[in-house]
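Undergrad: Need a 3D model of the sequence below.
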Amino acid sequence: MRLATRTLLWTVLPFAVLLASSFWAAQTLVLSAVRKDLRATVKETQTSVVEMRAKEEQRNSRVLKIVAENPALKAGVQLLLEHSRNADARNTVEDQLLEISAKLGFDFMLVSNADGVALAGVLRENNQPQALDLGAVQSAGQGYVTLANRTYRVASVPIDEGNENLGNLSMGEQFDLSGIPVSAVLIHNGKILASNLPGIRPQDIASSLQNCTAGMECDNIRLGGDTYVSLPMESGASGNEYVLRSLQNVDAALRPIQSILRGVFLFTGLGALAGAVLVSVLSSRSIVKPIMGVVAHLRRTAQTGELPEFPHPELEGHGERIHEIRDLTRSFNRASAAIRDAHAGLQRANVEFIETLASALDARDPYTAGHSRRVSEYACAIAGFMGLGQAELSEIRIGALLHDVGKIGISDAILLKPGRLTEEENVLIQQHPTIGRRILEGMNAFEPYLAVVELHHENWDGTGYPHGLRAEQTPLTARIVKIADAYDAMTSDRPYRKGMSHERALSVFEQISGSQLDPLVVDAFRNLPVVDLKATLSETGMESLRRLSEALEGSRKPIKPLALEKKV
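TA: From the prediction side, this is the model:
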């Protein structure tokens with residue numbers, strides 16, 4: 001994921017989470033306040049319903065009291081009390097009750113003695129009053145009674161004659177929830193007798209209300225996935241386990257408010273989020289652009305292997321105004337300068353060490369003193385004239401200094417022998433390139449120079465050693481060092497011979513060009529703008545040759561490959 005995208009996400013996401021959390025908290029607080037007010041409103045509504053039903057019950061009680069004062073009814077009750085088993089006496093009371101029920105529209109009427117035992121009663125069925133089967137009713141007081149699978153709401157008044165209580169007169173109307181302006185259920189001993197809640201099964205209602213006692217207000221009742229509030233509206237008399245409870249759907253009442261809140265929050269939230277995204281994009285660009293400039297510059301320098309140097313064109317503008325970015329680039333510059341200085345010092349130390357090592361090797365034989373340094377300078381002059389790059393020049397210069405390091409493993413008896421070597425001694429001394437490679441290959445810093453050290457005695461025709469490589473199988477750097485090594489060996493004095501002149505050495509090179517030596521390198525050596533390299537060394541020393549090679553590097557005239565092929 002790109003840095004700009006990550007910066008944008010880390011800027012916007014916390015704000016979005018904070019915004020969503022704020023909206024959720026605000027919605028929760030608003031809904032909690034609305035829920036609380038709603039419950040209070042529900043309670044007030046249900047209280048009003050209860051008061052209305054109480055007033056209605058009082059009106060019914062007054063009517064009943066008037067009916068209970070009817071002389072004919074009192075006389076019939078007295079007769080029935082005296083002759084409780086007399087069917088005619090009971091029929092007389094039932095006729096009176098049928099007449100009253102027909103006139104006043106009662107669905108149920110019952111006369112009972114002072115102990116509550118039913119004496120006579122009537123029940124309206126199909127809008128026709130008829131005598132009641134007394135075996136189906138135990139007693140009827142205030143509250144509710146169930147007869148013939150119907151529930152009746154009952155009110156009772158005493159029947160008195162003077163100071164004597166003859167019994168009780170009970171009147172009832174069939175219970176109908178349609179007359180109640182709120183959702184409610186009628187419960188008898190935990191069983192739902194009636195309900196006006198659409199789409200909810202009675203057994204589910206009973207299960208939800210099982211922990212609600214008769215006079216208890218219940219909150220957080222779950223029905224059909226919604227939350228309800230339930231309050232008791234009416235309870236039967238002691239021993240009469242009928243309870244009328246309201247059920248108000250709080251979630252349904254809150255849904256319109258929730259919808260409005262969500263719409264408002266969605267609109268304001270999207271607007272705020274869009275603003276945050278815009279601000280984040282602008283701010284992230286001002287931060288990411290200079291950082292990406294730094295990263296791009298570091299990637300380019302990583303590909304080239306050069307240490308970065310800032311400021312860079314990508315850092316202009318915003319990067320200059322960001323204090324941290326400016327400090328970062330300055331720190332990079334200081335670190336890069338320190339590393340470059342340290343690297344340069346290390347390189348100088350390495351070169352000095354290698355030159356010292358080469359001098360120590362050459363010091364074993366006074367006749368070869370300075371040999372490795374001269375080979376290095378000759379080879380660099382040739383490579384510079386041929387147009388090789390800095391990497392190849394460095395490889396040739398150091399490799400030539402180390403080309404005879406393997407002679408450490410050769411006995412002085414062989415190495416310093418004044419005469420010609422025997423065949424067995426030649427075999428031993430020809431091992432020095434391999435020995436030199438083994439000495440240096442354990443150190444990574446010398447890895448670029450291993451080819452020169454190991455292969456500078458390979459011949460163009462494959463007759464050299466140690467591997468018998470042919471032509472371009474031997475690297476060009478090793479082929480250049482080979483001719484420089486041969487030139488210095490041929491032009492240097494030995495105990496058993498005098499060194500050749502420059503012209504004689506060139507003549508020998510012409511003879512072995514194409515067999516032992518690379519014709520391309522021989523041609524380059526022959527065309528060096530120097531009359532006598534040996535004379536130059538004797539007159540001006542190694543420093544003069546170093547300046548010569550540097551001059552060749554600056555004003556070299558590379559040989560065109562096509563022309564060389566023709567010469568060869």
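Undergrad: List the contacts of the nearest residue to Ala383 once chain neighbours are set aside.
TA: With C-beta to C-beta, 6 or more residues apart in numbering as the criterion, Ala383 has its nearest non-adjacent residue at 5.0 Å, and that residue is Ile396. Any C-beta I mention is one placed from the backbone N, CA and C, and that applies to glycine too. When contacts are counted by C-beta atoms under 8 Å, 6 or more residues apart in numbering, Ile396 is found next to Ser376, Ala379, Cys380, Ala383, Leu388, Val452, Thr477, Ile480, Val481.
Undergrad: Now, the residues you listed that are in helices?
TA: With helices taken from DSSP state H, the overlap with those comprises Ser376, Ala379, Cys380, Ala383, Val452, Thr477, Ile480, Val481.
Undergrad: now stretch 212-222: mean pLDDT?
TA: Across stretch 212-222, pLDDT averages out at 79.
Undergrad: mind exporting it as PDB, just the C-alpha atoms?
TA: This file holds the C-alpha atoms of stretch 212-222, laid out as PDB (Å, rounded to 0.1, in the frame of the first residue of the first chain):
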ATOM      1  CA  CYS A 212     -44.300 -10.400  36.200                       C
ATOM      2  CA  THR A 213     -46.400 -10.600  39.400                       C
ATOM      3  CA  ALA A 214     -49.900  -9.300  39.600                       C
ATOM      4  CA  GLY A 215     -49.100  -5.800  40.800                       C
ATOM      5  CA  MET A 216     -45.700  -5.400  39.300                       C
ATOM      6  CA  GLU A 217     -44.600  -3.000  36.500                       C
ATOM      7  CA  CYS A 218     -42.300  -4.900  34.000                       C
ATOM      8  CA  ASP A 219     -39.800  -3.300  31.700                       C
ATOM      9  CA  ASN A 220     -37.700  -4.800  28.900                       C
ATOM     10  CA  ILE A 221     -40.100  -7.500  27.900                       C
ATOM     11  CA  ARG A 222     -39.100  -9.100  24.600                       C
END
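Undergrad: circling back: mind pulling the model confidence for the residue nearest to Ala383?
TA: So Ile396 comes in at 92 (pLDDT).
Undergrad: for stretch 386-400, the distance to its chain's centre please.
TA: Centroid separation between stretch 386-400 and its chain, computed with C-alpha atoms, centre = their mean, to the nearest Å, is 52 Å.
Undergrad: Give me the three-state assignment for Met500.
TA: coil (DSSP: H, G, I helix; E, B strand; the rest coil).
Undergrad: That one - how many residues pack around it?
TA: 18 (other C-beta atoms under 10 Å).
Undergrad: Which residue is the nearest non-sequential neighbour of it?
TA: The nearest residue in space to Met500 (C-beta to C-beta, 6+ apart) is Met490, at 4.9 Å.
Undergrad: I'd say the one you found and Glu503 touch.
TA: No. The criterion here is C-beta atoms under 8 Å, and Met490 misses it with Glu503 at 11.5 Å.
Undergrad: More neighbours: which of the two?
TA: Met490 (19 against 10).
Undergrad: And that one, how far from His432?
TA: Using C-beta to C-beta, to the nearest Å, Met490 is found at 19 Å from His432.
Undergrad: can you list the domains in this structure?
TA: 13-51+179-252, 69-140+152-163, 344-567 (automatic domain parsing).
Undergrad: Work out the gap between the second one and the centre of the chain.
TA: The chain centroid and the centroid of domain 69-140+152-163 are separated by 82 Å under C-alpha atoms, centre = their mean.
Undergrad: The first one too?
TA: Using C-alpha atoms, centre = their mean, the mean C-alpha position of domain 13-51+179-252 is found 43 Å from that of the whole chain.
Undergrad: mind checking which helix or strand of this structure has the lowest mean pLDDT?
TA: helix 561-567 (a mean of 29; mean pLDDT, DSSP states H and E).
Undergrad: State the mean pLDDT of stretch 55-69.
TA: 81.
Undergrad: repeat for stretch 501-513
TA: Average pLDDT, stretch 501-513: 90.
Undergrad: so who does Ser208 touch?
TA: Ser208 touches Ile221, Arg222, Leu223, Tyr228, counting by C-beta under 8 Å, 6+ apart.
Undergrad: Strand partners (parallel or antiparallel) of the helix or strand that contains the last one?
TA: Using DSSP states H and E, the secondary-structure element containing Tyr228 is strand 226-235. Strand 226-235 has its sheet partners listed here by DSSP bridges as strand 218-223 (antiparallel), strand 242-249 (antiparallel).
Undergrad: tell me which residues of it are tucked away?
TA: Within strand 226-235, the residues scored as buried using 16 or more other C-beta atoms under 10 Å are Thr227, Tyr228, Val229, Ser230, Leu231, Pro232, Met233, Glu234, Ser235.
Undergrad: Could you tell me how many residues sit around the residue nearest to the third one when sequence neighbours are not counted?
TA: Think Val229. Residue nearest to Val229 in three dimensions, not counting chain neighbours: Gln248, with 4.9 Å by C-beta to C-beta, 6+ apart. Neighbour count for Gln248, taken as other C-beta under 10 Å: 22.
Undergrad: Then Val63?
TA: Residues near Val63, counting by other C-beta under 10 Å, number 16.
Undergrad: Now do the same contact list for it.
TA: Applying C-beta under 8 Å, 6+ apart, the residues contacting Val63 are Leu104, Met171.
Undergrad: what's next to stretch 113-124, contact-wise?
TA: In contact with stretch 113-124 (C-beta under 8 Å, 6+ apart) are residues 77, 80-81, 84, 90, 93-94, 97-98, 101, 106-112, 129-132, 134, 137-141, 147-148, 165-168.
Undergrad: Just the buried ones from the residues you listed, in PyMOL syntax?
TA: A single PyMOL command selects the buried members of the contacts of stretch 113-124 (16+ other C-beta under 10 Å):
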select buried, resi 77+80+81+90+93+94+97+98+101+106+107+108+109+110+111+112+129+132+137+139+140+141+147+166+167+168
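Undergrad: Restricted to helices, list the contacts of stretch 113-124.
TA: Per DSSP H, the contacts of stretch 113-124 map to helices at Val77, Leu80, Leu81, Arg90, Val93, Glu94, Leu97, Leu98, Ser101.
Undergrad: surely the last one meets Asp95?
TA: In other words, Ser101. No. If you go by C-beta under 8 Å, Ser101 and Asp95 don't touch, sitting 10.7 Å apart.
Undergrad: how near is Glu164 to Val77?
TA: 11 Å.
Undergrad: Kind regards, and thank you for your time.
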